[in-house]
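*Asks:* Below is the sequence, then the predicted model.
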Amino acid sequence: MAEVLLAVAGLTVRYGGIEAVSDWSLILHAGEKVALIGANGAGKSSTLKALAGVVTPAAGKVSFAGVDWQGVPAWKRARAGLTLVPEGRGIFPRMSIEENLLMGVPQNTTSSRETLAPVYERFPRLGERRGQAAGTLSGGEQQLLALGRALLTRPRVLMLDEPSMGLAPKMVEEVFAVIEEMTATGVALLLVEQNARRALKLCPRAVVLESGRTVFSGEAVECLASPQLRAAYLGD
Amino acid sequence: MTSAPFARVSLRQGRWYVATLLLLILPFAVEWWLGRGWVRILDFALLSVMLAIGLNIVVGYAGLLDLGFIAFFGVGAYCYALLASPQFDLHWPLWVVLPLGALVAASFGAALGWPTLGLKGDYLAIVTMGFGEIIRIFLNNLNAPVNITNGPQGITMIDSLRLGDWSFARPHTLAGVKIGSLVGTYYLFLLFVILALILSHRLEYSRLGRAWAAIREDEIAAASMGLDTRRLKLLAFAMGASFGGLSGGLFAGFQGFVSPESFTLQESVMILCMVVLGGMGNLRGVVSGALLLAFLPELLRPVGVWQQRWLGQVWIDPSTLRLFLFGVALVLLMRWRPEGVWPSRARAREWHRS
């Protein structure tokens, strides 16, 4: 079995009196792909935010590559290799496409602009419009930009929050193709997705959340085979 | 084909030469045309420009609303006043006192930044406003039990600006041209303003400038990209404050007198108006905003005289009128051109995209 990259135990996130994530645990190995599915408000986004360090959890232990991450700020987590692409893509709409991508390049890289070349090659549309404000891109292109930028951070674990939200079906396919490519090289994936069927096609492992708790954890095929889960999350 | 780029370069260079020449002649022209009083106004205007450049780093680049910026100007001014005056009988040279003032102001900037890191928008504005007032009140009351700042009376007889044997408080004759003290000071201040402009411009297009822009747009996304948002915000506060401190030092040396009443909330608001009116984030806009607001009160001064002459008495005090016109100008601007008169491209985008 591969190295344990991310170990979460007893994670609890509270907003005021509301508990969004309750005593949640997960072990993620290097290169593993896990789909996090669940209804609206099940605590998927809160989980990702807490792991990224954007939200401070009320309780729980998170360790990354064997290092305890208690009190480690978001930016250090990002630099250690845990990259979150937040819901709504988190691009900088008024900065140019190129500037957006440069934000993903780790500091102290000598020739930042050269490191963008592979991204422009993979996404010619971004290269053509590199000087343009990122906010002028279509939703799908913005998602591709966010993914391209995330790739530049050289992640070891990629956390994507609803990457297909609000996209046309054709664009959804393209985004998933890109995610597949990105993770083919051994990057672990934690994918939160409304489009559960598509997510389960990509990820061999599934975790189903309900009111901040795991109600199912296992292989994606198992999840697809369960009549209850199909009824609840796949609309059968 | 090949001559076109050359023509453009030389045109641009030509413009630079003309601009430089104009800036060099300007004080003489102003003195000859409008009198010495206006050269003094010009000198003060340059200090305002520097303040606005400093505040622009905080508000324009990093997007942190600071309503207490004048405090850093005060810190710089008092640094100079305490270290180069009979107050403690210290007479440190300019080249020590000025950088020191900038440094102390920068540390005050960081000290303000530290507790406010988690605050945004209105909340940050309120805390910075309080900070500005705290500094002013301290300056006002630090005359007891140990007299440090001399309280509301302020510090007088501050050493004039001088570099080696060259005093900026006296006229000089250089190559047969008589340079008055105010004109000499103009050149000194202009030099600092140009340095500040170059530095600020370099910052804007540096990695640091981009990081500030990212924080301004989306702090969570910026942190997710591995940007240390806390450090970057502190840096913005400190760097902006250092410009304020430098300007304050020059102010103290130029005026020869400082007192707490030069550093009121209204002054902070004024500098913010300069930045906002001109166009946040864009240096050209900020400079023109600062000049505009620095000269406006002087331009309105005759209004009182006219009233006296034509109406027999002064009905509306020109300084009241000034505030009224500011109000009107700001309201009109916010309605039709919220990005400022001369905004940066990015800022204009922010306002005109839904």
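*Replies:* Arrived safely, thanks for sending.
*Asks:* how deep is the one residue in the stretch 151-300 of chain B that gets nearest to chain A tucked in, by neighbour count?
*Replies:* Of all residues in the stretch 151-300 of chain B, the one sitting closest to chain A is B:Ala221 (3.4 Å; Cβ to the nearest Cβ). Every C-beta, even on glycine, is put in place using the N, C-alpha and C of the backbone. Here the number of neighbours of B:Ala221 (other Cβ atoms under 10 Å in any protein chain shown) works out to 24.
*Asks:* What pLDDT is listed against it?
*Replies:* pLDDT, B:Ala221: 90.
*Asks:* Tell me the gap between the helix of greatest length in chain A and the middle of its chain.
*Replies:* In chain A, with assignment by DSSP state H, the single longest helix is helix A:169-184. Distance, stretch centre to chain centre, for helix A:169-184: 13 Å (Cα atoms, centre = their mean, to the nearest Å).
*Asks:* list the helices and strands the helix or strand following it packs on?
*Replies:* Next helix or strand after helix A:169-184 toward the C-terminus (DSSP states H and E): strand A:188-192. Contacts defined by 3 or more Cβ pairs under 8 Å, 6 or more residues apart in numbering or on different chains; DSSP states H and E place strand A:188-192 against strand A:4-15, strand A:18-29, strand A:33-38, helix A:44-52, strand A:157-161, helix A:169-184, helix A:196-202.
*Asks:* which residues touch strand A:188-192?
*Replies:* Applying Cβ atoms under 8 Å, 6 or more residues apart in numbering or on different chains, the external contacts of strand A:188-192 come out as A:5-6, A:28-37, A:44-45, A:47-48, A:51, A:87, A:156-163, A:179, A:183, A:199, A:202-203.
*Asks:* Could I get the CA-only coordinates of it as PDB?
*Replies:* The C-alpha trace of strand A:188-192 is given here as PDB (Å, rounded to 0.1, in the frame of the first residue of the first chain):
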ATOM      1  CA  ALA A 188      -4.100  12.200  -4.800                       C
ATOM      2  CA  LEU A 189      -7.600  13.500  -5.300                       C
ATOM      3  CA  LEU A 190     -10.400  14.500  -2.900                       C
ATOM      4  CA  LEU A 191     -13.300  15.400  -5.100                       C
ATOM      5  CA  VAL A 192     -16.500  16.900  -3.900                       C
END
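*Asks:* tilt between that strand and helix A:169-184?
*Replies:* Angle between the axes of strand A:188-192 and helix A:169-184 is 150 degrees (criterion: axes from the mean of the first three to the mean of the last three Cα atoms, to 10 degrees).
*Asks:* circling back to that earlier point, okay, buried residues for the longest helix of chain A please.
*Replies:* A:171-172, A:174-176, A:178-179, A:182-183 (16 or more other Cβ atoms under 10 Å in any protein chain shown).
*Asks:* export the residues you listed to TSV and tack on pLDDT?
*Replies:* TSV is the format used below for the buried residues of helix A:169-184 (pLDDT from 0 to 100):
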residue	pLDDT
A:Met171	91
A:Val172	92
A:Glu174	92
A:Val175	93
A:Phe176	94
A:Val178	93
A:Ile179	94
A:Met182	89
A:Thr183	90
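*Asks:* okay, among those residues, which ones form the most distant pair?
*Replies:* Greatest spatial distance among the buried residues of helix A:169-184 (Cβ to Cβ): A:Met171 and A:Thr183, at 18.7 Å.
*Asks:* packing partners for the lowest-mean-pLDDT helix or strand in chain A?
*Replies:* When the helices and strands of chain A are scored by mean pLDDT, DSSP states H and E, helix A:112-115 comes last with a mean of 74. Taking 3+ Cβ pairs under 8 Å, 6+ apart as contact, the helices and strands that helix A:112-115 lies on are helix A:97-104.
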